[in-house]
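Q: A predicted structure for the sequence below; I have some questions about it.
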Amino acid sequence: MQIAFVTFNADPKHSKAVRNAIENASTLASSDSGYSVSVLHHVPLKNNRDPNLRYVRLGQPTGSFTSRYRHFINEVDQRASAKCFNVVYAIVPVLRCGLYEPYDGLVQEVSGLPKFLSLIGGPFNRRRQLLAEVEREMLAQQEPPFIVCHNIRMACRIKSTFNFDRIAVIPRANRKR
């Protein structure tokens, strides 16, 4: 089975979400289950490559964030529509995937965070606007992805806020309390 994990930056030091995704991908790839796992990313990796994973760098290397991200998601979409992978799991907004772990916009919308936090630079932040736009486009498709939530509370909030029932609750196994 061919599985793609999609992230713009595949360096595990970049964020907790990326680190968790890379750990999950590595666990799948190192098991004897026959999974072949590729990490589709844009930002070049220095030396944090997991030997169990195949890294595929997509998109153009120059230009504004908006143009680089648009090229990146278009290339991810081409691979997803060409059926290169059985499962596409994205932790950043893309045009097409089977599983999607909510990004900033959706999480912020339902998490109960004070709205003023998103208002500080939110309307003027082009990067955030682009990601929210792609996320809305992805969730409005005729066959949107399943949203992966790590707790039932977040799943219930997403369902009630967006009237969306394609939700998979997958608790984090490595969560430290």
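A: Now that the structure is in, tell me what you want to look at.

Q: alpha carbons only for contacts and neighbour counts from here, please
A: Will do.

Q: quick one: low-confidence parts of this structure?
A: 31, 103-125, 172-177 (pLDDT under 70).

Q: biggest helix in this protein by residues?
A: helix 65-81 (DSSP state H).

Q: who touches it?
A: Applying C-alpha atoms under 8 Å, 6 or more residues apart in numbering, the contact partners of helix 65-81 are 6, 8, 40-42, 58-62, 85, 88, 94-97, 126-127, 130.

Q: make it 7 Å
A: Helix 65-81 is contacted from outside by 42, 58-62, 94-96, 127, using C-alpha atoms under 7 Å, 6 or more residues apart in numbering.

Q: Contact partners for the most centrally placed residue in the chain?
A: Against the mean C-alpha coordinate of the chain, by C-alpha atoms, centre = their mean, the closest residue is I91 at 1.3 Å. Each residue near I91 by C-alpha under 7 Å, 6+ apart is listed here: 6-7, 100-103.

Q: Pull out the buried residues from whichever helix or strand comes after the longest helix of the chain.
A: Counting by DSSP states H and E, the element after helix 65-81 in chain order, helix or strand, is strand 87-90. Neighbour-count burial for strand 87-90, counted by 16 or more other C-alpha atoms under 10 Å, picks out 87-90.

Q: So which of the contacts of I91 sit within helices?
A: Per DSSP H, the subset of the contacts of I91 in helices is empty.

Q: Closest one to I170 out of those, please.
A: E101 (10.3 Å; C-alpha to C-alpha).

Q: Look at that closest one and say how many residues are nearby.
A: 22 (other C-alpha atoms under 10 Å).

Q: roughly how far apart are it and S30?
A: 22 Å (C-alpha to C-alpha, to the nearest Å).

Q: wait, is V134 part of a helix?
A: Yes. Counting by DSSP: H, G, I helix; E, B strand; the rest coil, one finds V134 located in a helix.

Q: Show me the strands in this structure, by range?
A: 2-6, 36-41, 54-57, 87-90, 99-100, 146-149, 167-169 (DSSP state E).

Q: Now do the buried residues in stretch 154-172.
A: Neighbour-count burial for stretch 154-172 [16+ other C-alpha under 10 Å]: 154-158, 164, 167-168.

Q: Correction: the previous question concerned stretch 77-95.
A: 77, 79-80, 85, 87-95.

Q: with those residues in mind, which one is nearest to S26?
A: Y89 (13.6 Å).

Q: show me the contacts for F5.
A: Contacts for F5 (C-alpha under 7 Å, 6+ apart) come out as 38-40, 88-90.
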